[in-house]
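Asks: Give me a 3D structure for the following:
(one chain, ligands or ions: 1)
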Amino acid sequence: MTARLLIVGPQGSGKGTQGARIAASYGIPVVSTGDIFRDNIKNGTELGRKVQAITDAGDLVPDEVTSEIVRDRLSQGDAEGFLLDGYPRNTAQVAHLDEYLAGRGDELDAVILLEVPREESITRITQRAAEQGRSDDTEEAVAKRLSIYESETAPIIDLYEPRGIVDRIDGVGELDEITERIMSALAARGLATVAA
Ligand code: AMP
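Replies: Purely as a prediction, here's the structure:
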């Protein structure tokens, strides 16, 4: 048995860190569209050149481009189970993902929603900007990404909620404590980890 998971939360909610921990416990790959774009930009690929200005400005890469990248990644042999981070990010991408998963007879098992107040995410991103110097962590791009999260990404929860797969997790606290909250919620759904 494997797990098909999505982790959602505003920038600075800690979803990258928590997603990596959860994926390791389930023995599934993290599929992060942000990481895929950053790798391509770093390596100077054609895709990287196409998306750099968009990601630097904090705008969304066109849905067709993003959805195709995710389909390709999920079609690889190691992705029967997976943890999606950063995709879907709007309702059109939810439809693309639903269609792809239905085509292989699958659906998401759980959507982990990491809830963090706006002020807390801004503090955390500002801290990360100082530590990592990500090119899209400028004040302007961060503000744009947060507002896109609120207007375009938060509404995807309304699509998943009626399916009964959303776990709302308090994202404030110690890292281990938050991981524990997520693991308990997933265990309550009968999603057993590889180590269990
Ligand atoms: P992230 O690391 O998830 O914050 O993503 C960094 C940037 O990559 C975003 O600000 C977008 O420009 C782009 N990006 C990542 N995921 C998506 C997506 N699902 N749809 C469109 N653009 C995306």
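Asks: Flag every residue of this structure that's near the ligand.
Replies: Residues of the chain lying close to the ligand (CB under 6 Å from any ligand atom) are 11, 33-34, 37, 54-55, 58-61, 66, 86-87, 89, 93, 136, 145. (Each C-beta comes from the backbone N, C-alpha and C, glycine too.)
Asks: List only buried entries from those.
Replies: Listed as buried from those are 11, 33-34, 37, 55, 58, 60-61, 66, 86-87, 89, 93, 136, 145; burial here means 16 or more other CB atoms under 10 Å.
Asks: The residues you listed: which two are farthest apart?
Replies: Across those, no pair lies farther apart than Q93 and D136, at 19.0 Å, counting by CB to CB.
Asks: what pairs with the most centrally placed residue in the chain across the strands?
Replies: Closest to where the C-alpha atoms of the chain average out (CA atoms, centre = their mean) is D85, at 1.9 Å. Beta-bridge pairing for D85 (DSSP bridges): I7, S32.
Asks: In this protein, which residue sits nearest the ligand?
Replies: Using CB to the nearest ligand atom, the closest approach of the chain to the ligand is made by G34 at 2.1 Å.
Asks: Identify the residue nearest that residue in space, chain neighbours excluded?
Replies: Leaving out its chain neighbours, the residue that sits closest to G34 by CB to CB, 6 or more residues apart in numbering is G86, at 4.6 Å.
Asks: List the residues that contact the one you found.
Replies: Shown in contact with G86 (CB atoms under 8 Å, 6 or more residues apart in numbering): 32-35.
Asks: With Q127 as the reference, measure out to it.
Replies: To Q127, G86 is 20 Å away according to CB to CB, to the nearest Å.
Asks: Quick check: buried residues in the one helix or strand in the chain whose mean pLDDT sits lowest?
Replies: Within the chain, no helix or strand scores below helix 118-132, which has a mean of 85 by mean pLDDT, DSSP states H and E. Neighbour-count burial for helix 118-132, with 16+ other CB under 10 Å as criterion, is recorded at 121-122, 124-125, 128-129.
Asks: repeat for stretch 146-156
Replies: Going by 16+ other CB under 10 Å, stretch 146-156 has these buried residues: 146, 148-149, 152-153, 156.
Asks: follow-up on the earlier one: state the next helix or strand along the chain beyond the least confident helix or strand of the chain.
Replies: helix 139-148 (DSSP states H and E).
Asks: and the next element down the chain from that next one?
Replies: Following helix 139-148 toward the C-terminus (DSSP H and E): helix 156-160.
Asks: Mind listing what's buried along that next one?
Replies: By neighbour count on 16+ other CB under 10 Å, the buried set for helix 156-160 is 156, 160.
Asks: Quick one: the helices in the chain, in order.
Replies: In the chain, the helices defined using DSSP state H lie at 15-26, 33-42, 46-57, 63-74, 91-103, 118-132, 139-148, 156-160, 175-188.
Asks: Kind regards, and thank you for your time.
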